[in-house]
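Undergrad: pasting the structure only:
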């Protein structure tokens, strides 16, 4: 079995009095793409936020690259090499494309540079001095991924990358995920669309009511209508 | 009027705009990144002036050159910047996630501490500064003399703007500041240590305030009340420009500078009113200021805490209320001094209750509640002293005066929310203060008016105590009923989600406006009663410190509790009355207490009591 870059056990988290995660167990192998699936409200985004430290975990352990990171502030987690791409994009609209990338840069590491990123995302190269507010939704989504890659992460948490985007952009997103994989970056992508998951992921984890209920190959999930009906379809 | 005179007037407007911008830019940068409105920014400005009147003469002793003057000014700015760093490390770092009201109060605690520390170090007397070597002369602009130093100041503002622009666009620190102004949580998720960024921002912001203060020393003496006068102006500038926007602050400072330079020719006494009118107009047309933007939904970690589910008094509550009423009625058995304090507590309890009606029940964080209290007092006092009416009609006029002012100001206030709302209430209160302070013929100005005595039947301390008890307890019971009534629930709904309340068909603005007016009327009644209990009125009744006293009372009592403010008023006033005569450093003590309360008991004494009981059960 491949070395695990991320290992989550018994993760519990919530907002105020509302519990959302009731003991999530999952792991991510080095260089692997895994899809975290489930319906709206199953806890996908909350899981990613809790791993990233944006929502303090109430219990459980999160190990990243051999270190316990539960309870660390997000910036420490990011510096250890875990990248996070939020679902609502959250780019800095007042800043230019180049400045957005500069915020993501971690001084000291340098394998990803703006130039290399512009090769991967040629659209961005043409608008590097444009204010991000003047970009389309798809371009902004590309920019969030590029911005996270500027930190040279070992693994990336990618939250709902295909949500609300045109099909042609969704294809580009899938390519971007595969490109990350080719670079050896492990990706945990939360996703509702089985098609997107099948296009990028090796393995699927199905979340329901705050815990992982099913785990296996994406292909198996596609074939197993019973599981799909139980956890995914509406 | 000659056109060269107008030109000189415009130039002096530019000079004050320049100074104002330097100060306001620091405030707006700090707010942008930390989301804290830093009251102590005015204190940094004052400290900059005091540092400069200390450092600059010493340097000029060594060498009487312009260089030494500016080295001294910059050294003062850096020293103040370091004080800003200390404030971030010691205080702000602990309160980034507490509600805005508590942040404002805590930074006001710093204002109080600095005031006493400044008078300890530099004494109570104003200290004039040296003039700048090389810039002491006047230049002739056509036939008008104009100080060279003012010309220099005109150039400094744009120079600072240009340097800030370079910093913000050409350095990593600046890009991070701009990014964090928009979404600080995301900046953290990208690996930026926010703590360092915030500390750096406070250095920059405080240094700009210090620079602004240090540059003033050839024009004005360093004095211990320059902090509050500048902070209100800086608030107005940042609110008009859009909080967090440096170019906005520049634009707003220019507008205010010109408005004041020419306004003073037309309406010599009400320049502050003009600035306020500009602010009101801008906020109605552009609620986020000229170049500001709506608060991003992300990063708002703090839900408004307030009264959640008012319920009828339980057995313990009824007993406590009965005991309190008996105590109030029995007070005249004690000595006259106790009766006096008891009367004051009743009056302040009504004022605090009416404030928490807004803050705790309505989520309307008013930072200028003393305006309605004070206008009630003046409404009643002027009728007695100037119109010769007896107490009875004057006490009817007091709530009408407070309510009318609240209705007028509230019309603008309820259009805003959050920190903009708090700033606007503060600005309105300062307007009311300025009018009362400057309209000497009618109000007696700084000295106020004496001879506000009750009618003969209520002239004895005891009789007046009972009169006060009937009116204040009646008003508190009435307001309490309103909190329990559907109207109160409607205000809570609007507090928790204005959009959802709107969507279910509640006219949020009208309800909040009515609530604001009602609270203003109650505060006005309290003010009227206060005037007769003292026999006099003066502008401190409307001042910021008075508003802060009220806020401290409800903070002490707990804003989530319906009756807490009454207990808070009693505790606060008793402590103040006991300690104030004993110490020369009451403000220091009060400032430290406010900060301690925010840090240790953010839910107030009543809140701490309730949560302990809940924890135990």
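TA: It's in. Computed from a prediction, not measured in an experiment: that's the story for all the values here.
Undergrad: near chain B, which residues of chain A?
TA: A:16, A:52, A:54, A:73-75, A:78-79, A:84, A:86, A:88, A:90, A:92-95, A:99-100, A:102-104, A:106, A:147-148, A:151 (CB under 8 Å from any CB of the partner chain). In short, each C-beta sits where N, CA and C put it, glycine included.
Undergrad: which of these count as buried?
TA: A:52, A:54, A:73-75, A:78-79, A:84, A:86, A:90, A:92-95, A:99-100, A:102-104, A:106, A:147-148, A:151 (16 or more other CB atoms under 10 Å in any protein chain shown).
Undergrad: keep only those of these that are in strands.
TA: Judged by DSSP state E, the subset of these located in strands is residue A:84.
Undergrad: among the buried ones among the residues of chain A next to chain B, which are located in helices?
TA: The members of these that map onto helices under DSSP state H are A:52, A:74, A:75, A:78, A:79, A:99, A:100, A:102, A:103, A:104, A:147, A:148.
Undergrad: does stretch B:177-189 reach chain A?
TA: Yes: Stretch B:177-189 lies within reach of chain A by CB under 8 Å from any CB, at B:178, B:179, B:181, B:182, B:183, B:185, B:186, B:187, B:188, B:189.
Undergrad: swap in stretch B:33-51?
TA: No: figure legend: stretch B:33-51 not in contact with chain A (CB under 8 Å from any CB); closest approach 12.8 Å.
Undergrad: just the mean pLDDT for that stretch, thanks.
TA: Averaged over stretch B:33-51, pLDDT sits at 93.
Undergrad: residues contacting stretch A:202-209, please?
TA: Counting by CB atoms under 8 Å, 6 or more residues apart in numbering or on different chains, stretch A:202-209 makes contact with A:22, A:24, A:26, A:32-39, A:42-44, A:47, A:197, A:212-218, A:221, A:227, A:230-232, all of which sit outside it.
Undergrad: hang on, the earlier thing: and the furthest pair within the ones in helices among the buried ones among the residues of chain A next to chain B?
TA: A:52 and A:99 (22.6 Å; CB to CB).
Undergrad: strands of the stretch 501-617 of chain B, start to end?
TA: Secondary structure of the stretch 501-617 of chain B (DSSP state E, counting those that start in this stretch): strands at B:536-537.
Undergrad: same thing with chain A?
TA: A:4-15, A:18-29, A:33-37, A:59-64, A:67-68, A:82-85, A:155-159, A:186-191, A:203-208, A:211-217.
Undergrad: in the stretch 151-300 of chain B, which residue sits closest to chain A?
TA: With CB to the nearest CB, the shortest gap between the stretch 151-300 of chain B and chain A falls at residue B:191, namely 3.5 Å.
Undergrad: point out where chain B drops to low pLDDT.
TA: Low-confidence segments of chain B (pLDDT under 70): B:1, B:269-272, B:295-304, B:602-617.
Undergrad: picking up where we left off before, mind putting the strands of chain A into a markdown table with mean pLDDT?
TA: Shown next, in a markdown table, are the strands of chain A (pLDDT from 0 to 100):
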| stretch | mean pLDDT |
| --- | --- |
| strand A:4-15 | 92 |
| strand A:18-29 | 91 |
| strand A:33-37 | 94 |
| strand A:59-64 | 94 |
| strand A:67-68 | 94 |
| strand A:82-85 | 95 |
| strand A:155-159 | 95 |
| strand A:186-191 | 94 |
| strand A:203-208 | 91 |
| strand A:211-217 | 89 |
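Undergrad: kindly reformat these as CSV containing distance to residue B:228.
TA: As requested, those are arranged in CSV below (distance: least, CB to CB, whole Å):
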stretch, distance to residue B:228
strand A:4-15, 40
strand A:18-29, 43
strand A:33-37, 54
strand A:59-64, 48
strand A:67-68, 49
strand A:82-85, 44
strand A:155-159, 47
strand A:186-191, 51
strand A:203-208, 55
strand A:211-217, 56
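Undergrad: run through the residues that contact residue 74.
TA: All of this is about chain A. Per CB under 8 Å, 6+ apart, neighbours of residue A:74: A:52, A:53, A:54, A:84, B:185, B:188, B:189.
Undergrad: please refer instead to chain B.
TA: Taking CB under 8 Å, 6+ apart as the test, what residue B:74 contacts is B:211, B:214.
Undergrad: need the longest helix for chain A.
TA: The single longest helix within chain A, with elements called by DSSP H, is helix A:167-182.
Undergrad: now for residue B:291, how many residues are close by?
TA: 19 (other CB atoms under 10 Å in any protein chain shown).
Undergrad: spatially nearest residue to it (excluding sequence neighbours)?
TA: residue B:248 (3.3 Å; CB to CB, 6 or more residues apart in numbering or on different chains).
Undergrad: do residue A:189 as well
TA: Closest to residue A:189 by CB to CB, 6+ apart is residue A:158, at 4.3 Å.
Undergrad: repeat for residue B:16
TA: residue B:257 (4.9 Å).
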